[in-house]
Each structure stands twice: as structure tokens, then as C-alpha cells.
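> how would this look folded up:
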Amino acid sequence: MVSHMNISPEFLPVLVLAFGALLLFLQDVLLEDVTLSRLISIALLLCTTVLSLLLIQSHSHAYIAGDSFLFDSFSQIFGVVFSLSALLVVLTDSQFLKRLSSPFEFYVLVVLATLGMYFVAASTNLIALFVAFEMSTVATYAMTLFDKNNPHSAEAAIKFFVVGALSAGIILYAISLVYLATGSIDLKPSFALISPSASRLLAIGFVLLIVGFGFKVAAVPFHLWLPDTYDGAPYATTTYLASASKVMGFAALFKDISHNGTERASAFTLRVACFVCGAVHCHDERRESRGARSNKSKKNARLLKHFAIRLHPHRACASFKLLLRGFDILCVELRGVKGWVVHRRGLFRNKVWG
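Coordinates of the predicted model:
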């Protein structure tokens, strides 16, 4: 069933999140009750999870905003991961928020970031994908700096913001090259044209898209920001970045490179680099928690593995593998890593390469 109506059951999860974010804003202004904000956030995320699960079973799909977003089973599956990840973060952040003077905004940021992730999974053209991705990323910038009195959080947020701004510029430039070469920003028509005889301009645009989203998912060699950002950010934010935000990045990369035959070489190259660099860098770390953060490069490699196959006949299998890896990362983060500072290294001190 294809529907072009403005109001459709497929839009219910994003509508719930949007109105829920507005409700949290009003609650912050009128009541200023932290417990109520937490309960509202839990209810919203539970509701969106259940709705997405029900919509997956219906196998229906609907377009919105001039066919810029397609809400189908693919987007709803990723939506379940986003909502559950955010829900677990909200359930485990109470100790962190108790020592802050104004913790209300954290719940709003989590809901808005999750809303952006839903739109990323549903986007059908490059501009919609970019805007939705940045909507979620901007919220995570603020979440990284939420503990304003912690200098390490401030440093982590600055590094995260600088790398995010750089990658956003690269992605925008890549989109402009793709549009210049094809006259279209739609994902399928644009990338269906990539072939050995394709124009050099289109090939450069595609490579720059891989580079831009490589920064977003912290794939080697674009990963140097990840250990220090994860280490300096509040624990709840690190958990969210390593689970929901990571899966969002791979969902965007999935959309970008799954409509052509050139994804094998690029994904395989990134996978090998991630495994090698993650193993070496994690072994070199003296601080246990930073070593665990560096080990994310190897997890990224396992995720990239599923792009090295032809995704059309195996898309469901690849999506399922991505979701399993996302929950694997989330479980590791929720378990936590304890360790004393033995010797500070990396960007916090004297080695800009990591």
C-alpha cells in the first residue's frame, strides 16, 4: 500500500517524538519537574518503539514532504533501534543528571536527536538525508557539552563540533558535485548512474560522500576524534553516541552506497583499515577506558563488512546484522569500563595523531 496522504499511520512515531519534544519544552518552562521530564521521555520512547514494531508487521509505506522521506519497514526497523537506545540512555542517566543544576534540557535533546535519526533512516534524497543527519548531530553536540563544569567535556565537544562541521562541509560539497553531474539529488537515480564510464565529477562526488560519512561513523582514517570525544563526554552521551548515533551513521552510509556496484572496494578498504588501526591503537593505549573507545574502530570494521556484499538481494540480512552490531555496542557501553588514569595520551596531551 502506497499512501501520499499528509496523515498516515507510518508517520505516528515521528509525530509522537515531535509533539513529545514540545511537551518537554513546556514542562521545563511551567513545572520544572525533573522526574516528570524523565517519565515523559520514557513514555514517548516506549510508545515510538511499540508503534514502529507494529508498523514493521504491516509492511506498508508512505511518503512525506514531496517524497523526500519514505517511511517503510526499513526505516521502522532502524527506528526501533534508535528508540530503544535512547530509552536505555534515559533509564541509566539519573546519577549523572542529579548533580546538574538544570538537567531538563538533556531529555529534550535525546528526543530531538532520536527524531532526526528517524528522518535519516527515511530519507530518499541527499538533501533530506543531510538535513536530518545534522538535526540529530547538533543535538548530540549539546549533549556532549552538557556537563559544562567539566573541562574534558568542553574539549570533547569542541573536537566533536569541529570534526562534525568539517564533515558536513565535505558532504555538502559532494552533494553539489553529484547534482552537477546528474541533475538529481535522489539517491537511486543519482547512484544508479555510477559505472566505469561515469563522469569524473560524479566519481569525485561519490568519494567525497564516503569521506564525509566516514568522519560521521569514525571509520579509519577519519576516526582520530573518537577516543577523546567519547572519553570526555558525559557517560550517558557516550553511550548514546556509540549506539544510536553510530547506527544512524551506518544507516546513512547504507543508503548512500547500496544502490550501485562500487561499494565493495570502498567498504572493504575501510574495513581493513578499521581493523588494523583499531587493534594497534587499542593495544597502545595505557588508559583502559580510552583503549575501549579506540576499539570502536574494530567494531566499525565489522559493521562495514556488510557493505562489501551486494545489498539488493541480501538487504534484509545486512540490515539485521547492522542492528545486532548496534546493540552489541550499546551493551558494551552500558556495562561500562572502569580504570584508573595511568598515563594520559592522545589529543588530551601531546600526540595529535591519536
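> going forward, measure contacts and count neighbours with C-alpha atoms only.
Fine.
> just the strands in the stretch 1-150 of the chain please.
Secondary structure of the stretch 1-150 of the chain (DSSP state E, counting those that start in this stretch): strands at 2-3, 61-64, 69-71.
> Figure out which of the ones you listed is closest to Ala156.
Of all the strands of the stretch 1-150 of the chain, it is strand 69-71 that lies closest to Ala156, at 32.4 Å by Cα to Cα.
> what's around Thr114, how many residues?
For Thr114, the neighbour count with other Cα atoms under 10 Å is 31.
> show me the contacts for the residue lying closest to it once chain neighbours are set aside.
The shortest distance from Thr114 to any non-neighbouring residue, by Cα to Cα, 6 or more residues apart in numbering, is to Phe82 (6.1 Å). Shown in contact with Phe82 (Cα atoms under 8 Å, 6 or more residues apart in numbering): 114, 117-118, 244, 247-248.
> Which of those residues fall in helices?
114, 117-118, 247-248 (DSSP state H).
> Name the member of those with the most neighbours.
Met117 (33 neighbours).
> about what we covered before: tell me how far the residue nearest to Thr114 lies from Leu45.
Counting by Cα to Cα, to the nearest Å, the gap from Phe82 to Leu45 is 9 Å.
> Same question for Ala156.
For Ala156, the distance to Leu45 - Cα to Cα - is 27 Å.
> And for Phe25?
16 Å.
> Compare those two (neighbour count), which wins?
Neighbours per residue (other Cα under 10 Å) separate Phe25 from Leu45, with Leu45 holding more: 27 against 17.
> who's in contact with the more buried one?
Counting by Cα under 8 Å, 6+ apart, Leu45 touches 17, 83-84, 86-87, 111.
> Repeat the analysis, applying 6 Å as the threshold.
83, 87 (Cα atoms under 6 Å, 6 or more residues apart in numbering).
> how close does it sit to Ser52?
11 Å.
> And for Phe254?
Phe254 is 20 Å from Ser52, by Cα to Cα.
> Which one of these two is surrounded by more residues?
Ser52 (28 against 21).
> Leaving out chain neighbours, which residue sits closest to that one?
Counting by Cα to Cα, 6+ apart, the residue nearest Ser52 is Gln76, at 5.2 Å.
> The closest residue to His152 other than its chain neighbours: how many residues sit nearby?
Leaving aside its sequence neighbours, His152 sits nearest to Gly232 (Cα to Cα, 6+ apart; 4.7 Å). Neighbour count for Gly232, taken as other Cα under 10 Å: 23.
> quick one, what contacts Gly232?
By Cα under 6 Å, 6+ apart, the neighbours of Gly232 are 152-153, 156.
> In terms of pLDDT, where does it sit?
With respect to pLDDT, Gly232 scores 83.
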